[in-house]
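Novice: next comes the sequence, and after it the predicted model I'd like to discuss.
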Amino acid sequence: MTTPEATAPSNFIRHIIEADLKANKNNGKVKTRFPPEPNGFLHIGHAKSICLNFTLAEEYNGTCNLRFDDTNPEKESIEFMEAIEKDILWLGFQWHEKHHASDYFEQLFDYAVQLIKQGDAYVDDLTPEQIREYRGTLTEPGKESPNRNRPVEESLDLFYRMRAGEFADGAYLLRAKIDMASPNINMRDPALYRIRRVHHQRTGDKWCIYPMYDFTHCLSDAIEGITHSICTLEFEDHRPLYDWVLDKLNTPCHPQQIEFARLQLEYTVMSKRKLNQLVTEGHVSGWDDPRMPTLAGMRRAGFTPASIRDFCERIGVTKKDAWIKMDVLESCIREDLNENAPRRMAVLKPLRLVIENYPDEAEEIYDIANHPQKPEMGTRKVPFSKVLYIEQDDFAENPPKKFKRLVEGGEVRLRGSYVIKCERIIKDEAGDIIELRCSYDPATLGKNPEGRKVKGVIHWVSAKHAIPAEIRLYDRLFRQPNPDAEAHFLDALNPDSLQILENCWVEASLAKAEKESRYQFERTGYFCVDSVDSNDQKLVFNRTVTLRDTWAK
Ligand code: ATP
Ligand code: MG
């Protein structure tokens with residue numbers, strides 16, 4: 001038996017797999033799959049499923065397939081498939097084989113024919129309303145369709161003609177013949193095939209009948225020889241049907257379906273229908289808007305693959321639904337970036353500062369460490385000159401108690417440079433502060449000043465060297481931990497989830513910052529170069545996360 005990595009936290013799925021391996025079930029093999037429907041981008045919930053399926057396969061020397069569950073062509077597209085592949089690779093996983101449920105359409109059709117021949121499926125022509133009415137309720141059994149005992153030959157003939165396109169959409173259904181009185185509604189003669197004339201992104205117009213999820217999924221798993229078919233809890237009630245289909249068709253491989261609780265993350269929605277609505281109605285800029293819980297959005301916001309994998313490991317795998325706090329995700333990315341992101345200085349809301357006793361044309365260039373605790377990350381050159389920008393918030397005309405930054409007549413240290421003193425404030429006609437006139441103490445470069453203590457340290461950029469930038473401050477997209485608790489989830493949208501600062505200045509070393517590169521802007525947060533809108537003419541940074549948890553409690 002293979003032993004899993006000592007570091008892998010145990011969970012009930014691992015226990016099942018280990019028992020199977022011990023019993024030499026499936027000849028000691030582990031084959032999993034990740035089966036997205038290509039009807040949207042992947043989100044952080046999918047990441048949980050991806051990490052689980054791929055990691056289990058890896059740990060037990062098995063394989064994990066990617067299978068597109070593409071049986072609803074009206075909502076699916078090739079673009080979504082490409083986005084899904086990109087996101088899985090970005091997370092750091094590589095599938096063993098790539099398949100599409102649509103690759104199996106012919107085989108699935110044959111299986112359906114076999115069920116009809118065995119007397120286990122029949123063609124029905126009840127209307128959708130009748131089907132609903134005949135289905136019964138949770139407390140009442142259903143009623144058998146008058147077509148249920150249609151002779152096999154007749155069902156077979158109708159099924160072939162359904163495929164041949166002889167009937168209108170919805171005119172007939174192929175249904176499994178199971179038990180209209182079953183307490184499990186999924187077992188009350190569920191539909192297996194429906195007529196639908198829609199162009200399929202891969203099979204074109206070859207088919208006008210499409211198999212239903214419950215029929216397709218178990219058979220696709222069986223065809224691929226999947227051993228453990230891991231899915232979310234809402235499919236628990238579908239498991240008897242999963243097993244029924246495979247038993248009736250006596251497939252050579254009968255995967256075991258195992259359900260786990262889906263990820264629910266506070267302040268987000270995870271349903272693709274809702275995410276799609278956010279996109280199509282323009283509440284966000286696209287599937288990759290940095291506020292979206294999609295992997296594309298999180299990548300654009302500056303999340304690292306490692307932080308997402310770390311998150312998926314920390315939340316664990318259980319059978320019980322639970323809401324995960326946003327802090328858990330945010331601490332994963334903070335820890336990663338604190339460790340790995342180079343430090344830079346950027347001024348988000350600039351205030352001009354002139355050092356009057358500094359020579360007009362003089363310049364100094366400092367070597368400042370990229371990371372205070374990691375000398376191996378090297379240094380970068382930071383120019384200094386007479387005119388600087390500092391953060392408006394780092395100066396106060398009427399300072400609150402314990403204000404450690406700059407005040408009129410007070411001193412502060414410029415990070416990596418001198419101690420300066422504010423001599424005078426310059427205001428415009430409206431009375432707004434537009435400039436600070438300061439002096440510097442030449443003896444304080446890398447040294448404490450003589451005979452006095454200067455506590456505050458602020459960041460700055462040299463006006464003549466700084467690079468203009470746009471900085472986008474993102475906040476949570478919803479102001480409710482559970483947006484669905486509102487009458488409509490859109491009512492929970494946070495109106496202040498994006499603040500665009502157009503007149504920021506960043507230090508000169510960022511001139512050539514590459515798209516998606518990540519930094520800690522000292523004292524302001526973690527930022528990432530926007531992959532879409534940033535270019536040589538205009539640098540755009542997205543805030544990934546604040547330095548500390550500042551969300552209003
Ligand atoms: P939606 O209902 O929003 O369309 P879905 O679950 O149907 O989402 P799929 O593309 O079918 O989306 O999902 C692919 C796989 O990812 C499935 O195995 C599904 O169970 C899993 N998955 C989807 N959402 C989550 C989630 N929030 N947490 C964990 N796994 C998830
Ligand atoms: Mg689905």
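Specialist: Okay, I see it. Numbers count the residues shown, from 1 in each chain. Ligands and ions are numbered 1, 2, ... in the order given.
Novice: using PDB, list the CA coordinates for stretch 337-348.
Specialist: Extracted in PDB, the C-alpha atoms of stretch 337-348 (Å, rounded to 0.1, in the frame of the first residue of the first chain):
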ATOM      1  CA  LEU A 337       3.100  37.800   0.000                       C
ATOM      2  CA  ASN A 338       4.600  38.800   3.300                       C
ATOM      3  CA  GLU A 339       7.100  36.100   2.700                       C
ATOM      4  CA  ASN A 340       7.700  36.500  -1.000                       C
ATOM      5  CA  ALA A 341       6.600  39.900  -2.400                       C
ATOM      6  CA  PRO A 342       9.400  42.500  -2.800                       C
ATOM      7  CA  ARG A 343       8.800  45.800  -1.000                       C
ATOM      8  CA  ARG A 344       8.300  49.100  -2.900                       C
ATOM      9  CA  MET A 345       7.300  52.600  -2.100                       C
ATOM     10  CA  ALA A 346       4.200  54.000  -3.700                       C
ATOM     11  CA  VAL A 347       2.200  57.100  -2.800                       C
ATOM     12  CA  LEU A 348      -1.500  56.600  -3.300                       C
END
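Novice: got the buried residues for that stretch?
Specialist: Within stretch 337-348, the residues that count as buried by 16 or more other Cβ atoms under 10 Å are 337, 341-348. Every residue, glycine included, has its C-beta placed from N, CA and C.
Novice: give me the number of residues near the one residue in the chain that gets nearest to ligand 1?
Specialist: Of all residues in the chain, Gly45 sits closest to ligand 1, at 2.2 Å by Cβ to the nearest ligand atom. If you count neighbours by other Cβ atoms under 10 Å, Gly45 ends up with 19.
Novice: same thing with Arg334?
Specialist: So Arg334, with other Cβ under 10 Å, has 22 neighbours.
Novice: export stretch 144-155 as CSV, just CAs?
Specialist: The C-alpha coordinates for stretch 144-155 follow below in CSV (Å, rounded to 0.1, in the frame of the first residue of the first chain):
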residue,chain,number,x,y,z
GLU,A,144,-46.9,5.8,-13.4
SER,A,145,-47.0,7.2,-16.9
PRO,A,146,-49.4,5.5,-19.2
ASN,A,147,-46.4,5.0,-21.5
ARG,A,148,-44.4,3.2,-18.9
ASN,A,149,-45.3,-0.3,-20.3
ARG,A,150,-44.9,0.7,-23.9
PRO,A,151,-43.5,-2.4,-25.7
VAL,A,152,-39.7,-2.5,-26.0
GLU,A,153,-39.9,-2.5,-29.8
GLU,A,154,-42.0,0.6,-29.8
SER,A,155,-39.7,2.5,-27.4
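Novice: mind checking the pLDDT average for it?
Specialist: When pLDDT is averaged along stretch 144-155, the result is 98.
Novice: quick one: contacts for Ile426?
Specialist: Going by Cβ atoms under 8 Å, 6 or more residues apart in numbering, Ile426 touches 433-437.
Novice: rewinding a little: looking at the buried residues of stretch 337-348, which are in helices?
Specialist: Leu337 (DSSP state H).
Novice: mind putting the buried residues of stretch 337-348 into JSON lines with pLDDT?
Specialist: Shown next, in JSON lines, are the buried residues of stretch 337-348 (pLDDT from 0 to 100):
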{"residue": "Leu337", "pLDDT": "98"}
{"residue": "Ala341", "pLDDT": "98"}
{"residue": "Pro342", "pLDDT": "98"}
{"residue": "Arg343", "pLDDT": "98"}
{"residue": "Arg344", "pLDDT": "98"}
{"residue": "Met345", "pLDDT": "98"}
{"residue": "Ala346", "pLDDT": "98"}
{"residue": "Val347", "pLDDT": "98"}
{"residue": "Leu348", "pLDDT": "98"}
